[in-house]
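Asker: I'd like to go over a predicted model; first the sequence, then the structure.
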Amino acid sequence: MLENPRSPRVRAVAKLTKRSARTETGLYLLEGPQAVREALTYSPEAIVELFATPNGWERHSDIRAKATDAGVEVEYVTEYVLNAMADTVTPQGLVAVVRQTPTSVRDIFAGAPRLVAICEEIRDPGNLGTIIRAADAAGADAVVLTGRTVDPYNPKVVRATTGSLFHLPVSVGADLAEVVERAHAAGLRVLAADVKGDDLLQARADGLLAEPTAWLFGNEAHGLEDEALGLADRVLRLPIFGRAESLNLATAASVCLYESAFAQRATALS
């Protein structure tokens, strides 16, 4: 059992809360039973180390079974050690070190996707994690991160995805113009979500949302730059029917992705 929270090994794990360490090692941190469970279910080969307190390990029989089936060994640690490793105050008895597994833009669009989320300059970890989760829930084929979008392996992003990071391909550090070019080559229409756009309801009535689509979402504070908007085939806005000044980025992205998912599935059933 690891008992010293100041040992070099524990410090190495704790450093993964920093982007520089994640970039240098190609690893990142998972915290809590839900994240570990999803990793063991969908990407057990990516798990490098799995740490648990004896009580935490005892509480989750399904995780123990998945780890055994995947041949992933657990190392016991004290509560003090686990807290020293983790980014959260209460990691709930489980922490894992996992390899980053980004997908190339080329491979994403080679797979004939019908629904993709492109995130340009999104800086808030909670927003990005929620968009990845919403894209997963809406049945999107991939999420592509461009520009200076926050690192998807940031602990706050990973937590906000609630495991969806393991369910669909995510591309990191792509150039927006290249992504749009590949989307067009794959037969997707690129729709930018922006307050300066046309009413999304009219686009829905015109049948636009039923087509293979790559949604482009921009920065929380200033949206999409004019150059980015110019790359899109159409710019659309969500109507505000109440008195709210605007919608949170992640909420707006969720609505857009689901509008496309509804339209595409209705067309497939007709």
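Answerer: Perfect, thanks for sending it. Numbering: from 1, shown residues only.
Asker: packing partners for whatever helix or strand residue 119 lives in?
Answerer: Using DSSP states H and E, residue 119 sits in strand 115-120. In terms of contacts (3 or more C-beta pairs under 8 Å, 6 or more residues apart in numbering; DSSP states H and E), strand 115-120 is packed against helix 125-137, strand 142-146, helix 176-185, strand 213-217, helix 249-269. To be clear about C-beta, it is placed using only N, CA and C from the backbone, and glycine gets the same treatment.
Asker: what's the most buried one of the ones you listed?
Answerer: strand 213-217 (a mean of 28; mean count of other C-beta atoms under 10 Å).
Asker: so how far is that strand from its chain's centroid?
Answerer: With C-alpha atoms, centre = their mean, to the nearest Å as the basis, strand 213-217 stands 15 Å off its chain's centre.
Asker: what packs against whichever helix or strand comes after that strand?
Answerer: Heading C-terminal from strand 213-217, the first helix or strand you meet, by DSSP H and E, is helix 226-231. Contact here means 3+ C-beta pairs under 8 Å, 6+ apart; on that basis helix 226-231 packs against helix 176-185, strand 189-199.
Asker: include distance to residue 69 and mean pLDDT when you put those into TSV, please.
Answerer: Shown next, in TSV, are the helices and strands packed on helix 226-231 (distance: least, C-beta to C-beta, whole Å; pLDDT from 0 to 100):
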stretch	distance to residue 69	mean pLDDT
helix 176-185	37	97
strand 189-199	41	95
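Asker: with distance to residue 261 added, can I get these in TSV?
Answerer: Shown next, in TSV, are the helices and strands packed on helix 226-231 (distance: least, C-beta to C-beta, whole Å):
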stretch	distance to residue 261
helix 176-185	17
strand 189-199	13
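Asker: which of the ones you listed sits closest to residue 120?
Answerer: Nearest to residue 120 among the helices and strands packed on helix 226-231 is helix 176-185; the distance by C-beta to C-beta comes to 5.6 Å.
Asker: the closest one vs strand 213-217, what angle?
Answerer: Calculated by axes from the mean of the first three to the mean of the last three C-alpha atoms, to 10 degrees, helix 176-185 forms an angle of 160 degrees with strand 213-217.
Asker: which strands and helices sit next to helix 176-185?
Answerer: Packed next to helix 176-185, using 3+ C-beta pairs under 8 Å, 6+ apart, are helix 105-110, strand 115-120, strand 142-146, strand 189-199, strand 213-217, helix 226-231.
Asker: returning to what we had before: mind putting the helices and strands packed on strand 115-120 into JSON lines with distance to residue 242?
Answerer: Converted to JSON lines, those look like this (distance: least, C-beta to C-beta, whole Å):
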{"stretch": "helix 125-137", "distance to residue 242": "21"}
{"stretch": "strand 142-146", "distance to residue 242": "29"}
{"stretch": "helix 176-185", "distance to residue 242": "32"}
{"stretch": "strand 213-217", "distance to residue 242": "22"}
{"stretch": "helix 249-269", "distance to residue 242": "13"}
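Asker: mind checking how far the closest residue to residue 136 other than its chain neighbours is from residue 11?
Answerer: Distances taken as C-beta to C-beta, 6 or more residues apart in numbering put residue 164 closest to residue 136, at 3.7 Å, once the chain neighbours are dropped. Residue 164 is 30 Å from residue 11, where distance means C-beta to C-beta, to the nearest Å.
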